[in-house]
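Chemist: just coords:
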């Protein structure tokens, strides 16, 4: 009776139960398999937690009997063996959807639609291992979740089947670190990837393995024991050569900062007219809690102070191209020396040492400023009369009129991008999806550069004719130091009889800067700075 | 021969000469009439100077003989007498266009089209005195200009005709100061007016009499000798009561700042849907060179410093409504105390004491911030834990979603407007005008709040399909302290066969903030913050 009630409350559960209608009891001991333990559990920030709890409990109730049946059967028979290749070929409803956990193989085709986190999230793991996802979302690390999964076991991985070989050693990218399989790769060499839309705003703080990665060159493999950061002293002064331990001696400063690539949402710009650049969708943006030494403290120790003639702080990375040219960028000295600007030489990201893809052991974090200036694998800091001579400061990351093409562009005529304009995007639902009639939940992110707070997000379901104000979520923002994004959501009624929705979001910052309506008038040859209204089109179930 | 050559060079001159073809010599002494001297000459900033010089010289050559003829005739005959009312009825091509200078009356109907500054500028004075305009544009203060005018003398003002009576003394606005006749009045009581589009961007520095005026209450008539500015001290500290002389003791700080009303361009918003507010066109913006004491110096002298709990500086004006409620506003303390923000207690505007309409004897000037915070007739400054309690801080000058109306508005939900977003507008040609085929000159202004520099202005002649980059004029802007506007112009070819142009401008600031495409999505019930693309429609001569 209790079960019946629960079933009625949870749409989709009836079908799931119908699919697994018989059960036989078996020993409880079958369920203790270590391979269900996530290998790298990290703290859970509660996103989606309640849904899992309710759903997980209910599913647990209905699934427990079926689970015992399957486990016992598996224990009695010798398991069917599969290769990784076989598993990976099962990644769609047509082929069936298989996943692995440890050495076990599961056919979760029938579970996808009732996955409490939504079908799309489970589909991210289709054809491969669950561990990278379960390690991010610790909610899975519960016995009832493992019990549900066990129902779907179809066999095990063939022990003779090895993991795919690594890249050849003559490849300059051969030493790049392993990456999370959920990342959507825009370029393998150099590695550039963004988190999938389903996970982008799942957490206010982006888990390190999902943080968007924008590399310009191969990832250097630096030894923290011999690492030195060179701080060039002022004319006549003395330079510093700082080890990691030296850097730890400065007061540790922590700050939550959203980084965004100037090319975020370039894919929409490309639809207007071809541009030069990677096809970033809406995921070239992520948020982390960074910790390190304040740049102003280090510069002051080296004898620098505000100056009329030396007005830029230049950063040089330890990543370099085959000619030895390193990545470089600069920011204004006034920002670097302002304690309120909170520019840091970061050695921690979300409480961990920086991952290699994000600048291990040290990167600059410049709150409110375009990602390109947050130089990773930092090797050298100097104070100069001019901006960095780097290609990426002088001949890239600048905005131009739509009328400027590669024949007419004059890079000296435009300022290098520093603070970024107000931005927002929809992460749920997704383009082309079908949503239920009745009510729709629209979710997304909003952020502005320069520490400007997001004060409002307007959402339209009718292509911009009418607007509703979304609810802002995530941490409150500090005045003038709103370095991190706001997540937002709107529960809206789908007008009766509507067959499709043209959903738009647009945000406003505390200077009342707004996003432009359309992409074409801000189109530029490099495809940067796309902050036009984000628009998606979805279908409504009849 | 020389004259022939000049005539060929100057279109329109032939006609002018033809109209006045005979001449007789007369004594040179006739030309020394004091009434031609502007009464309040101010320094000339060279705008349009070259055109006048060339044109004036040529016209002078052709006009000198005719001038002598008329002057001699006038000296011989007793002049015809006119009332001011008769003069004012001659203000269009149909009635004839008359103007006065001193006691003399001129029929300039035939001169309007060949006025070197353009017909529209002379038309601003049609039916009235020239002095208010000649005092602004000192270029007129030359003998050859007076000689040209003399040709058109038709008589003199009747000495018995008095100037119109002033307002009654029971009117709270009776003591408001006299204003420049060129101002376009949006409201007489309180007085709110903007410079005409023809003059708005004629000068980088707006002449004081043309500076847009935004009064909320009657203009107080303050005695500079007894004036005191009260600076409330910190808790337990001592307050200051500063005379003007006391204020002069602080280091004098000068800064060029553009002020813009939050309601600038409200008239375009009203076309989308009715709003509450004055019908400002594109002229609620002006630029002056301000001088005064830095607010940070005065606050520090009173014992104030950055604080965690007291974070707003509140200003109170000496203007008040019949209930005694004064105008008030506030800004963040961090801005007030930052020497780089250059907030001043201004007692000079373009080298003169503040005009009464602009806050005599002292107003606050807050560079990069909405006009509403630049409190005039300043009486009191205090540092408070909360923003000013003033209606204008709490219940006005805030932005809302287009979906919010007067039944649903929650003023506490939106931040008070401080820094303003990127703005630009076209001042030439004007809406509905007819331009020559061949080439068109488009002119305007662009400005952004918060010290953000204008980096580019894009202009379209085809409603936004294609764009050209305008040339920026006016003073260079300082990084992070771009407090004053840029003027801009574009010389563009009118596509052959085009019968009309849909001209648009849009600007970009150094954070790459852009203007939104259209007004409707930023419409708000108070009609503030209209920074959509500025669009005009003009006809092209066949």
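Modeler: Thanks, I have it. All values reported here derive from a predicted model rather than from experimental measurement.

Chemist: check the stretch 401-542 of chain A for the residue nearest chain B and tell me.
Modeler: residue A:517 (3.8 Å; Cβ to the nearest Cβ). To be clear about C-beta, it is placed using only N, CA and C from the backbone, and glycine gets the same treatment.

Chemist: who's in contact with that residue?
Modeler: Residue A:517 is in contact with A:464, A:532-533, B:516-518, B:521, counting by Cβ atoms under 8 Å, 6 or more residues apart in numbering or on different chains.

Chemist: quick one: it is in a helix?
Modeler: No. Residue A:517 is assigned coil when assessed by DSSP: H, G, I helix; E, B strand; the rest coil, not a helix.

Chemist: the closest residue to residue A:312 other than its chain neighbours sits in which helix or strand?
Modeler: Spatial nearest neighbour of residue A:312, excluding adjacent residues (Cβ to Cβ, 6 or more residues apart in numbering or on different chains): residue A:330 at 4.5 Å. Using DSSP states H and E, residue A:330 sits in strand A:326-332.

Chemist: so what strands line up beside that strand?
Modeler: strand A:312-320 (antiparallel) (DSSP bridges).

Chemist: how far away from the center of its chain is the strand it pairs with?
Modeler: For strand A:312-320, the separation from the chain centroid amounts to 24 Å (computed by Cα atoms, centre = their mean, to the nearest Å).

Chemist: is residue A:352 in a bridge, and if so with what?
Modeler: Beta-bridge partners for residue A:352, by DSSP bridges, are residue A:349.

Chemist: was I right to think it contacts residue A:208?
Modeler: Yes. Judged on Cβ atoms under 8 Å, residue A:352 makes contact with residue A:208 at a distance of 6.2 Å.

Chemist: tell me which of the two has more neighbours.
Modeler: The residue with more neighbours, out of residue A:352 and residue A:208, is residue A:208; 20 against 12, by other Cβ atoms under 10 Å in any protein chain shown.

Chemist: so who does residue A:411 touch?
Modeler: A:394-395, A:398.

Chemist: among the residues you listed, which are in helices?
Modeler: Mapping those onto helices (DSSP state H) picks out residue A:394.

Chemist: where in chain A is pLDDT low?
Modeler: A:1-77, A:138, A:163-170 (pLDDT under 70).

Chemist: could you redo the last one with a cut-off of 80?
Modeler: A:1-77, A:117, A:135-139, A:141, A:162-170, A:308-310 (pLDDT under 80).

Chemist: where does the residue of it most remote from its centre land in three-state SS?
Modeler: Using Cα atoms, centre = their mean, the residue of chain A lying farthest from its centre is residue A:236. It sits 44.3 Å away. Counting by three-state DSSP, the backbone at residue A:236 sits in coil.

Chemist: could you do residue A:392 as well?
Modeler: helix.

Chemist: tell me the residues of the stretch 201-350 of chain A that contact chain B?
Modeler: A:332, A:334 (Cβ under 8 Å from any Cβ of the partner chain).

Chemist: ranges for the helices of the stretch 201-350 of chain A?
Modeler: A:244-249, A:266-272, A:295-301, A:333-337 (DSSP state H, counting those that start in this stretch).

Chemist: I'd like those helices as JSON lines, with distance to residue B:312 and mean neighbour count appended.
Modeler: As requested, these are exported to JSON lines (distance: least, Cβ to Cβ, whole Å; neighbours: other Cβ atoms under 10 Å in any protein chain shown):
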{"stretch": "helix A:244-249", "distance to residue B:312": "38", "mean neighbour count": "14"}
{"stretch": "helix A:266-272", "distance to residue B:312": "40", "mean neighbour count": "19"}
{"stretch": "helix A:295-301", "distance to residue B:312": "26", "mean neighbour count": "20"}
{"stretch": "helix A:333-337", "distance to residue B:312": "25", "mean neighbour count": "21"}
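
Chemist: and residue A:536, what helix or strand is that in?
Modeler: strand A:534-540.

Chemist: which neighbours does that strand have in its sheet, and in what orientation?
Modeler: strand A:434-435 (parallel), strand A:500-509 (antiparallel).

Chemist: how many neighbouring residues does the closest residue to chain B within the stretch 151-300 of chain A have?
Modeler: With Cβ to the nearest Cβ as the measure, residue A:262 is the residue of the stretch 151-300 of chain A nearest to chain B, at 8.9 Å. By the criterion of other Cβ under 10 Å, residue A:262 has 25 neighbours.

Chemist: sorry, back to before: among the contacts of residue A:411, which ones are buried?
Modeler: A:394, A:398 (16 or more other Cβ atoms under 10 Å in any protein chain shown).

Chemist: closest to residue A:444 out of the contacts of residue A:411?
Modeler: Using Cβ to Cβ, residue A:398 is the member of the contacts of residue A:411 that lies nearest residue A:444, at 27.4 Å.

Chemist: ends of stretch A:313-332, how far apart?
Modeler: With Cα to Cα, to the nearest Å as the measure, stretch A:313-332 spans 6 Å from end to end.

Chemist: report the buried residues of it.
Modeler: Residues A:313-320, A:326-332 are the ones in stretch A:313-332 that count as buried (16+ other Cβ under 10 Å).

Chemist: what's around residue A:117, how many residues?
Modeler: 20.

Chemist: show me the domain layout of chain A.
Modeler: The record's domain parsing of chain A by automatic domain parsing lists A:2-157, A:192-413, A:423-540.

Chemist: and those as JSON lines, adding distance to residue B:176?
Modeler: Below are the domains of chain A laid out as JSON lines (distance: least, Cβ to Cβ, whole Å):
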{"stretch": "domain A:2-157", "distance to residue B:176": "61"}
{"stretch": "domain A:192-413", "distance to residue B:176": "43"}
{"stretch": "domain A:423-540", "distance to residue B:176": "32"}
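
Chemist: among the ones you listed, which is nearest residue B:204?
Modeler: The closest of these to residue B:204 is domain A:192-413. By Cβ to Cβ, the value is 21.8 Å.

Chemist: now do the same for residue A:379: helix, strand or coil?
Modeler: Three-state call for residue A:379 (three-state DSSP): strand.

Chemist: ok, it - contacts?
Modeler: Per Cβ under 8 Å, 6+ apart, neighbours of residue A:379: A:229-230, A:316-318, A:326.

Chemist: sorry, back to before: so who does the residue of the stretch 151-300 of chain A closest to chain B touch?
Modeler: Contacts of residue A:262 (Cβ under 8 Å, 6+ apart): A:370-372, A:397, A:417, A:420, A:528-529.

Chemist: just the strands from the stretch 401-542 of chain A, written as ranges.
Modeler: A:423-428, A:434-435, A:439-447, A:454-460, A:468-469, A:471-473, A:486-493, A:500-509, A:534-540 (DSSP state E, counting those that start in this stretch).

Chemist: mind putting those strands into TSV with mean neighbour count?
Modeler: TSV is the format used below for the strands of the stretch 401-542 of chain A (neighbours: other Cβ atoms under 10 Å in any protein chain shown):
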stretch	mean neighbour count
strand A:423-428	25
strand A:434-435	16
strand A:439-447	22
strand A:454-460	25
strand A:468-469	16
strand A:471-473	14
strand A:486-493	20
strand A:500-509	24
strand A:534-540	18
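
Chemist: how about residue A:136: what's its closest non-neighbour residue?
Modeler: Nearest residue to residue A:136, sequence neighbours excluded (Cβ to Cβ, 6+ apart): residue A:207, at 4.8 Å.

Chemist: what about that neighbour, distance to residue A:428?
Modeler: 18 Å (Cβ to Cβ, to the nearest Å).

Chemist: max pairwise distance over the buried residues of stretch A:313-332: which two?
Modeler: Maximum pairwise distance among these (Cβ to Cβ): 25.3 Å, between A:320 and A:332.
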